[in-house]
Structures are given as C-alpha cells and as structure tokens.
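# The sequence and its predicted three-dimensional model are supplied below.
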There are 2 protein chains.
Amino acid sequence: MGLLAKGKPVADKITEEVKKEVEQFKGKNIFPKLKIVRVGEREDDLSYERAAVKRMNSCKIECEVLELSADISQDDFAQELKKVDGDETVHGILLFRPLPKQINENDVKFIISPEKDIDCFNPINVAKVLEGDETGFPPCTPTAAIEILKHYNVPLKGKNAVVLGRSMVVGKPAAMLLLKENASVTICHSKTENLPDVAAKADILIAAIGKSNMVTSDFVKEGAAVIDVGINVDSQGNMTGDVNTTDCIEKCGLITPVPAGVGSVTTAVLAKHVVKACRQINNNIE
Amino acid sequence: MGLLAKGKPVADKITEEVKKEVEQFKGKNIFPKLKIVRVGEREDDLSYERAAVKRMNSCKIECEVLELSADISQDDFAQELKKVDGDETVHGILLFRPLPKQINENDVKFIISPEKDIDCFNPINVAKVLEGDETGFPPCTPTAAIEILKHYNVPLKGKNAVVLGRSMVVGKPAAMLLLKENASVTICHSKTENLPDVAAKADILIAAIGKSNMVTSDFVKEGAAVIDVGINVDSQGNMTGDVNTTDCIEKCGLITPVPAGVGSVTTAVLAKHVVKACRQINNNIE
C-alpha cells in the first residue's frame, strides 16, 4: 500500500520558511509584494486567486490584485502591465493566462521583467528552464511536483522519471526540473506507442495529460512515486486527477491525491518565488 | 548489417534546395548574407569556419568573417557585435563560442537580434527551442541529426528516442526537436543508472556524450537508428565519434559515421538557417 502523499505538509513547510525570510526582509524595511493581474473573471482564475491571496496572507507577503476588463484593448493592457512592472514596491507579478483573444501574447510577453516574472511568462525565464539556470522562475505547478518529491525523500538522482504530457506549463518544465535533479527523464504524450509499458518503467511518474483517471495500475511500476498533476472535473462535477488513485495506490510507493495534492503546493511555491524575486532584486542580501 | 548513413547526400540535398531559394531571392535583388564573428584563432573555430565558408560559396550565399582579437575587451566586443547586428545587408550571424573569459556571455547574448541569431545564442531562440516554435533557430548540430533521420526515412512519430547527453548545444535541443516530431524522448546523462539498458530500448539513439567509442553494441537495440554526434580525437590524433561503429553496425538498422556523418550536415543546416532568416526578415516573401 503506497503512501498517500498530501500536499499540505509540503506547503506548510515552505510557508514556514517563506515567513521567516519575509520577517528578515521586514527587519530591513523591505516588504515583499505580489501583484496579481487578472483580465476578466474566469472561474479558474478567481479560484486560484483566492488561494494565492490566502497563502500570501499566511506568509505575510503583501498582495494586490489588479482586475482588468475582459474587453481591454492590447494597448491599454500593455500600458497597465508596464505600470505594474515599473512599480518598485512590487517584487513578483502573476498574470493569469490564457489572455483574451484580442491580446497578442507575443507582443506583451516581454513587458514583465524577468526578475519579477515569477510564473515563467517572459521568454528569458523560459530559456532558463531549458538551461536549468537557477536564477529563473519555472512555472509553479511543476515546481510544486518536485517540492513534493523532495519533501517525501523520493530518490531522484539517476532514477528513471517519466513525464506524461508535454505542455509548456507542466510537462516540459517538469522534465527539465527532473533533469536538473539528475534523473533520467522520458517525455511521453498522446502519440507515444505502448504508453502503459513506458510509464510502467518509471521510478517517478508525473501525470500531466488532462484526462480524468487515465493512469491505471498497469501504468505503474511496483513501488513507484506517482505525482498527479491533473485537474479535471467529472460528469458529477467532482474534481479528479489524471490518475485513478484507488486503482494505483496498492502498487505504488507513494501517490499524490487530487484534490489536496500538487494543487495545494502551487501557491506555496508562488510565495517562495516572490521572496526569491525580492532577494534577487535586492542583490542577494542576507 | 546496418546502413552506413553518410551525411553528404543529406547535405547535398539541403544545399540544392538552399541554392534554389537564393536564386529566387537574387531575382528580387535580395542577397542572403552570413556574417561569421570569430574571437581569436582557436583551431576548432577555424576548421568550422573553413567548412562554413565553403558551404556558403556552394549555396551562393554571401559570407564575411569578422575576426576579433582574442584579448578584445567586453565593451569593444559588444560594440563590434552591435555593428554587425545593425548591418542591414546581414541576415544571419554565427558567433563562435565559448567566448574568451574576459567577455561575459550573459551581458552580450541579447545583442544578436533573434531574427539573425541562426545558431541559438539569444535566449529568445533558446525559449523557442523548448516551445517548439518553428520561427526560431535551434542549434545547427542537433538540427543536422534530425535532417539525417528524415532524409533516411527513419520513422519518428510515436517511436522511442533516447538522447545520450544533456548539453545546451546538442542533447537538450535534440530532445526538443525529436519531441516536435512526435517521438517519445528520454534524456540520459552521466548519472543515469543502467545506461546501456536504457539506450538498448531506443528505436532512435542519439549519442552526444563526448566520450570516444563509448557506445558499444550492448547499447543498441536490433534495427535501431544510431546517430553519432560525438567529435573526439583519439591518442593517435584520429577523429572518433561517441559510438564504436564497427561494433554496432551489425546490430543497428542505420548508423552515421564519424567523420562524414552529422558534422558534414551542420554547415548545410547553417545555410538553410541563413535563407530562413532572410525569408523571415523579408516578411516571408515568396
């Protein structure tokens, strides 16, 4: 029977560390601050925003939300974003994506300075993900997956990690982060032949495909660590992951639940990124 | 007995295609031009430069070399590079790396415009490699490996590709390019456990580790395509690859020699990138 690896203890520990650093900053009259930029009122964004605001509060990080109209023009949006980026009291900026259709992401993605770009919007941070450059900010969700693996002492070095999914928000950065931890990494996707066989060779399996309960026990190697990054909603309106937890828990060594798994760690990573940005902006003060 | 997949026919075919496009450009009074920027006189650089100049000549692409002193200052170097980038007659810029120690790559890597950055120096092109954005310019060597696989009709979609090595010049971009072709991709490195076993599951094996003859037949699956990106020099001064070709050729389906394999295709890819840059700069004229 595998360990049900909940996100809460991981998030709690990160929160405690972040709080300590925020206290130290305050002793130097530096007040770490996150600015959330939301365009429109999508339910997903609002739900994540509530969780992020709550987390920043528990971390004593200042947090402001800039809400922009869903029909804002490209020019007005660019101007608003420049203003946020230019605000010296702001250390980290979280911009919800996708942006509405009238806004061309390519034309605005350089506006957030790489130093404040804590959720990997600016191509300079995207490049740092591929390079494994630790001054950058990989997206929060795959970073949360790695935090969970580390917290539960899952060996990564030299191990066989398989990532199901190749998105820019989870799959590819997760692969690069695992590589940075010296795992051997396989990236699979919808075109992969014999997917269950490939997955069943993984010591660490990251599921980020976006198909409810797709990963069953035949995907899982005995004793493997299974990290479920999926967030799906089933026909009854319940939140489900990409992994059929009930079917897999017997066989695996560790498995994260959905909800209460990876999702509950992402806002803690966001907070960690805000203090990291604050530290880097203030020249790595101790 | 596997096919010895030489680079020359691949390079020849690319050269022919490039020549045709150069002719079309000339009909519109556009003259594709490569500028090579070399700092100092390292033998590796000089050797590649000679090959590149020769290839541009056969493609009828204009080619100029800017040679800078090995002890040039950071400021002078930045100024020279800006001048090259600002030259409207130049469509592609190849800068040899690594740069001498007194030059901080981080401070100059944005100078070459992404549109002219045909060998992936600017982070904007690095980001495009991870994103699989086809407007970018992945490094020439891994691109040459993919060109060879395509030329010899090696199926990639859904297949199991294993990349040995995780450098920014070969391993990681090769993995991203294979992913773009819908292969499942495993990235291995010096910390990988059971490396021969992992390699021996590959339908496509890319060796880019930098250890002479390290890949022996126990790394090779029956019928696999083996692409040797290694360039090493043995104790007798002979050029060797990462793959022991004699040992592997019986078992594999296809194998590239060293020399006369991947290396002979890179300058053709360079030429292809120059005309692509020229096309994109001129707004995709037909």
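That came in fine, so what should we check first? Numbers count the residues shown, from 1 in each chain, chains lettered A, B, ... in the order given.

# So for stretch A:61-74, first residue to last residue, what's the gap.
For stretch A:61-74, the first-to-last residue distance is 30 Å (C-alpha to C-alpha, to the nearest Å).

# Near chain B, which residues of chain A are found?
For chain A, the residues found near chain B under the criterion C-beta under 8 Å from any C-beta of the partner chain are A:123-124, A:126-131, A:157-160, A:166, A:168, A:172, A:175-176, A:179, A:182, A:184-189, A:191-193, A:198. In this view, the C-beta of every residue, glycine as well, is placed from N, C-alpha and C.

# change it to 7 Å
By the rule C-beta under 7 Å from any C-beta of the partner chain, the part of chain A lying against chain B is A:123-124, A:126-127, A:129-131, A:157-159, A:166, A:168, A:172, A:179, A:182, A:184-188, A:191-193, A:198.

# Any of the residues you listed buried? List them.
Taking 16 or more other C-beta atoms under 10 Å in any protein chain shown as the criterion, what is buried in the residues of chain A next to chain B is A:123-124, A:126-127, A:129-131, A:158-159, A:166, A:172, A:179, A:182, A:184-188, A:191-192, A:198.

# Tell me the helices and strands packed up against the helix or strand containing residue A:226.
In this structure, residue A:226 is located in strand A:225-228 according to DSSP states H and E. Packing contacts for strand A:225-228, counted by 3 or more C-beta pairs under 7 Å, 6 or more residues apart in numbering or on different chains; DSSP states H and E, involve helix A:140-151, strand A:204-207, strand A:254-255.

# Run me through the strand neighbours of that strand, direction for each.
Here strand A:225-228 is paired, per DSSP bridges, with strand A:204-207 (parallel), strand A:254-255 (parallel).

# Residue A:56: how many residues sit nearby?
The criterion is other C-beta atoms under 10 Å in any protein chain shown. On that basis, residue A:56 has 24 neighbouring residues.

# actually residue A:51, sorry about that
By the other C-beta under 10 Å criterion, the neighbourhood of residue A:51 contains 15 residues.

# Just say which of the strands paired with strand A:225-228 is most tucked in.
Among those, strand A:204-207 has the highest mean neighbour count (mean count of other C-beta atoms under 10 Å in any protein chain shown), at a mean of 30.

# Give me the distance from that strand to the chain's centre.
Offset of strand A:204-207 from its chain centre (C-alpha atoms, centre = their mean, to the nearest Å): 15 Å.

# same check, this time on stretch A:229-246
The offset between the C-alpha centroid of stretch A:229-246 and the centroid of the whole chain comes to 18 Å, using C-alpha atoms, centre = their mean.

# ok, which stretches of the stretch 1-150 of chain A are helices?
Using DSSP state H, counting those that start in this stretch, the helices of the stretch 1-150 of chain A run over A:8-27, A:43-59, A:74-86, A:105-108, A:123-131, A:140-151.

# what do you get for the stretch 151-286 of chain A?
A:171-180, A:195-199, A:245-248, A:263-281.

# Model confidence for residue A:283, exactly?
The predicted local confidence for residue A:283 comes out at a pLDDT of 81.

# what sits against it?
Residues in contact with residue A:283 (C-beta atoms under 7 Å, 6 or more residues apart in numbering or on different chains): none are found.

# where in chain A is pLDDT low?
Judged by pLDDT under 70, chain A has its weakly predicted residues at A:284-286.

# quick one, domains of it?
Structural domains assigned to chain A are A:29-113, A:140-264, following automatic domain parsing.

# These into JSON lines, with extra columns for distance to residue B:80?
Shown next, in JSON lines, are the domains of chain A (distance: least, C-beta to C-beta, whole Å):
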{"stretch": "domain A:29-113", "distance to residue B:80": "25"}
{"stretch": "domain A:140-264", "distance to residue B:80": "34"}
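
# Return the most buried member of those.
With neighbours defined by mean count of other C-beta under 10 Å, none of those is more surrounded on average than domain A:140-264, at a mean of 21.

# So the nearest residue to residue A:89 once chain neighbours are set aside versus residue A:144, what's the distance?
Closest residue in space to residue A:89, ignoring its immediate chain neighbours: residue A:33 at 5.6 Å, by C-beta to C-beta, 6 or more residues apart in numbering or on different chains. Using C-beta to C-beta, to the nearest Å, we find residue A:33 at a distance of 22 Å from residue A:144.

# so which of the helices of the stretch 151-286 of chain A comes closest to residue B:205?
Counting by C-beta to C-beta, residue B:205 lies closest to helix A:195-199 out of those; the figure is 16.0 Å.

# starting at the chain centroid, how far to stretch A:77-94?
On the basis of C-alpha atoms, centre = their mean, the separation between the geometric centre of stretch A:77-94 and that of its chain is 21 Å.

# Distance of residue A:32 relative to residue A:85?
Residue A:32 sits at a distance of 16 Å from residue A:85 (criterion: C-beta to C-beta).

# And for residue A:21?
Taken as C-beta to C-beta, the spacing of residue A:21 relative to residue A:85 amounts to 23 Å.

# so residue A:214 touches residue A:240, yeah?
No. Applying C-beta atoms under 7 Å as the test, residue A:214 and residue A:240 come out as separate, 10.0 Å apart.

# Wait, residue A:56 touches residue A:50, no?
No. Shown here, residue A:56 and residue A:50 do not form a contact pair, counting by C-beta under 7 Å, at 11.1 Å.

# what's the burial count for residue A:270?
Neighbours of residue A:270 under the rule other C-beta under 10 Å: 30.

# Skipping adjacent residues, who's closest to it in space?
Here the nearest residue to residue A:270 in space, its sequence neighbours aside, is residue A:140; by C-beta to C-beta, 6+ apart that works out to 5.1 Å.

# I'd assumed residue A:117 was in contact with the one you found.
No. At 11.9 Å, residue A:140 and residue A:117 do not qualify as touching, with contact defined as C-beta under 7 Å.

# Show me the one of the helices of the stretch 151-286 of chain A that comes nearest residue B:46.
For these, proximity to residue B:46 was assessed by C-beta to C-beta; helix A:171-180 is nearest, at 33.5 Å.

# Contacts for that closest one, please.
In this structure, residues lying in contact with helix A:171-180 by C-beta under 7 Å, 6+ apart are A:129-130, A:132, A:138-139, A:142-143, A:145-146, A:156, A:161, A:163, A:165-166, A:185, A:187, A:206, A:208, B:130, B:166, B:187.

# and if you look at stretch A:61-77?
By C-beta under 7 Å, 6+ apart, the list of residues contacting stretch A:61-77 from outside reads A:22, A:31-40, A:49, A:53, A:56, A:80, A:84, A:100, A:102-104, A:107-108, A:271, A:274.

# Does the residue nearest to residue A:89 have any beta-bridge partners, and if so which?
residue A:62.

# how close does it get to chain B?
In this structure, residue A:33 and chain B are separated by 26 Å, where distance is defined by C-beta to the nearest C-beta, to the nearest Å.

# OK, contacts around that residue?
For residue A:33, the set of contacting residues under the criterion of C-beta under 7 Å, 6+ apart consists of A:61-62, A:89-91.

# wait, which of these is closest to chain B?
Checking the contacts of residue A:33 against chain B by C-beta to the nearest C-beta gives residue A:91 as the nearest, at 21.4 Å.

# how close does the closest one sit to residue A:61?
Relative to residue A:61, residue A:91 is positioned 9 Å away (criterion: C-beta to C-beta).

# what residues are shared contacts of the two?
Taking C-beta under 7 Å, 6+ apart as the contact definition, residue A:91 and residue A:61 share the neighbouring residues A:32-33, A:274.
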